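**Q** Could you look at this predicted model? Sequence included:
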Amino acid sequence: MEIPKVLVADPVSQRGVDELAAGGALEVVVKTGLPEAEIIKIIPEFSALVVRSQTKVTANVLEAASKLKVIGRAGVGVDNVNVDAATKRGVIVMNTPGGNTISTAEHAFSLLVSIARSIPQADASVKAGKWDRKKYEGVELYNKSLGILGMGRIGSEIARRAIAFGMRVFAYDPYLSSSKARSLQVELVENVDDLLPHCDFITMHMPLTDETHHILDERRLGLCRKGVRIVNCARGGLIDEAALGVALQSGQVAAAALDVFEVEPPPADFALRSLPNIVFTPHLGASTAEAQENVGIEIAQAIRAALLEGEIRNAVNMPSIDAKTAAVVKPFLTLADKLGRFAAQLAPKRNDRIVITYGGKAVELPTEGVTRAALTGFLKTAGGEEVNSVNVRTMASTLGLLVEEVKSTEQTDFNEWLHVAVWSGDSKVSLGGTFFGAKNEPRIVRLNGRSIEAEPEGVILLLENNDVPGIVGKVGTILGKHKVNIASMSLSRDEAGGQALTVLNLDSAPASEVIQELLSHPEISAARIIQL
Ligand SMILES: NC(=O)c1ccc[n+]([C@@H]2O[C@H](COP(=O)([O-])OP(=O)(O)OC[C@H]3O[C@@H](n4cnc5c(N)ncnc54)[C@H](O)[C@@H]3O)[C@@H](O)[C@H]2O)c1
Ligand SMILES: O=C(O)[C@H](O)COP(=O)(O)O
């Protein structure tokens, strides 16, 4: 039998390489720093590829990778891997969350201390033959306030260290529950804008997503306390580098430290390079002997398990159920994902509890995969590309979101019943779904306890209105005027002439002016768009 080959394309620890090659079951080739064209040439012979953040696993690489089964990321971020292309080609992408948490937290904290005391600049000055004690007077961390943006694994470790240094810690993480924040002894701030004016130091520990891109931009840098010091050891792109340059020059930001950059390595003409009050490290957060040994061994074991035993660990793109079971639960996986996404758009960001209830024949399903699909849909905005059905429970627990699964024996109106309810304090959002007809078409049939009927697909318009004659015609006229076609509509009212919930499946998303026009109607009190 042919021995599967593994290409190690970025530097990983020798112990990781040894672990991969142990017993000769895999043939390991270490070739680091290859350009894309070279990787494309050799990749067809490999069953697994190991990378860190340097090698870009592009759609072209994946196209050529005819034998590839697994990509192992020795680290956390998979933004250098085209996960969608890998998923489409059936290639599992795995990472090693947690293995480099402490190292990265220590590096970020070191950068914080460095910029409080201008250590790199003072070092360079002494080495240049100077003895400039006045110029490098710094500030203490003690009694200062630190704002942590993103309170996951690394953010939490930073908080512990900052508290030990006598700092007051504020945290911004819209997905972290209040109870988790209390246990970490940090003051949770609802809005990033509210945190900025209170902080002497800011450190960033969130993924790069559409929501977090340039989260510190020109406007927000302007909201910061004058003389703030900022560290980014998460991902380039969280800070607008051009705006940061201006703020460093004006003194609005006294100092900054970056371990990560919008383009890595930054180009030769990178403007921030010439500023005296910024410190750089070349993406070194995870570069310690310990972290590299952790992630190297962990990814080697995961690749061996996948190639030799078919066991999947820490996959970022793979449902955790086998193919036969997947066929049975597939429609439920889709419905659960949609209910989760719908709930995420209705609920506030910070939630304490999510309950997924199965009723009717659905209680006989292997429900774990379905529960995870609902949770993945719900947490997609918080976790970005890295959250999937395999790692979603860990993410929920990091956020302090309690996940409950209930198999209900109560009589339901439907043969199969799937219900998702999310609590934030006393307020609750809930959705129920089932399947209709011979073709088993998915439908959303309950919204916050009200009976509705909507296809869980595309654009959905929710209207709250008074139950008065002519309202349906009015809505149709407004949408028609703006060329928005209604695919289906359902109405639910508490009583004749009372409050009604109108749910419309639309063929396209109406512009915000259309929503405003609907809201200007005196009988319509709320209108919102849900995208599924
Ligand atoms: N510099 C390095 O070498 C290095 C090493 C490891 C990790 N990282 C990066 O650090 C970051 C954090 O890693 P982690 O292991 O702590 O991840 P994590 O998933 O444990 O934590 C991320 C946190 O960010 C929060 N978040 C998501 N969207 C947010 C938003 N819009 N606003 C505020 N918070 C938001 C999530 O709720 C979560 O709590 C990642 O980007 C990772 O890739 C960098
Ligand atoms: O996401 C990560 O794990 C870090 O950015 C570390 O990247 P590296 O493995 O290239 O050091």
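**A** Received the coordinates, thanks. Residues are numbered from 1 along each chain as shown. Ligands and ions are numbered 1, 2, ... in the order given.
**Q** now stretch 114-130: how far from the chain's centre is it?
**A** 37 Å (CA atoms, centre = their mean, to the nearest Å).
**Q** actually stretch 186-198, not the one I typed
**A** Centre-to-centre, stretch 186-198 and its host chain are 20 Å apart (CA atoms, centre = their mean).
**Q** what residues does that stretch touch?
**A** Applying CB atoms under 8 Å, 6 or more residues apart in numbering, the contact partners of stretch 186-198 are 145, 147-149, 151, 159, 168-174, 176, 178, 181, 202, 215, 220, 223-225, 228, 350. Heads up, the C-betas are built off the backbone N, CA and C, glycines and all.
**Q** Swap in 6 Å and give it another go.
**A** Residues from elsewhere that reach stretch 186-198 (CB atoms under 6 Å, 6 or more residues apart in numbering): 145, 147, 159, 169-172, 181, 223-225.
**Q** what do you get for stretch 477-491?
**A** Stretch 477-491 has contacts (CB under 6 Å, 6+ apart) with 452-453, 500, 502-508, 510, 514, 517-518.
**Q** from those, which is closest to His283?
**A** Nearest to His283 among the contacts of stretch 477-491 is Ser508, at 41.8 Å by CB to CB.
**Q** how far away is the nearest residue in space to Glu517 that is not next to it in sequence from Val514?
**A** Residue nearest to Glu517 in three dimensions, not counting chain neighbours: Ile478, with 5.4 Å by CB to CB, 6 or more residues apart in numbering. Plainly put, Ile478 is 7 Å away from Val514 if you go by CB to CB, to the nearest Å.
**Q** Now do the SS call for the residue lying closest to Ser125 once chain neighbours are set aside.
**A** Among residues not flanking Ser125 along the chain, Asp132 sits closest, at 5.3 Å (CB to CB, 6+ apart). Secondary structure state of Asp132, per DSSP: H, G, I helix; E, B strand; the rest coil, is coil.
**Q** And the strands in the stretch 401-532 of the chain, which stretches?
**A** 402-407, 416-424, 427-436, 441-447, 450-454, 459-466, 486-493, 499-506, 524-531 (DSSP state E, counting those that start in this stretch).
**Q** between these, which gets nearest to Glu38?
**A** Nearest to Glu38 among the strands of the stretch 401-532 of the chain is strand 524-531 (40.9 Å), distances taken as CB to CB.
**Q** Before we move on, what's the pLDDT of the residue nearest to Ser125?
**A** Note on Asp132: pLDDT of 95.
**Q** what about stretch 126-141, start to end distance?
**A** End-to-end span of stretch 126-141 (CA to CA, to the nearest Å): 24 Å.
**Q** should've said stretch 412-432
**A** Start-to-end span of stretch 412-432 (CA to CA) is 11 Å.
**Q** Show me what that stretch is in contact with.
**A** Outside stretch 412-432, the residues that touch it by CB under 6 Å, 6+ apart are 335, 339, 342-343, 346-348, 350-357, 359-362, 374, 433-435, 444-448.
**Q** Could you provide the contacts of stretch 186-198 in CSV, with additional columns for neighbour count, pLDDT and secondary structure?
**A** Listed next are those as CSV, based on neighbours: other CB atoms under 10 Å; pLDDT from 0 to 100; DSSP: H, G, I helix; E, B strand; the rest coil:
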residue, neighbour count, pLDDT, secondary structure
Ser145, 18, 98, strand
Gly147, 27, 98, strand
Ala159, 24, 98, helix
Val169, 24, 98, strand
Phe170, 21, 98, strand
Ala171, 24, 97, strand
Tyr172, 26, 97, strand
Ala181, 21, 94, helix
Leu223, 15, 98, helix
Cys224, 22, 98, coil
Arg225, 18, 98, coil
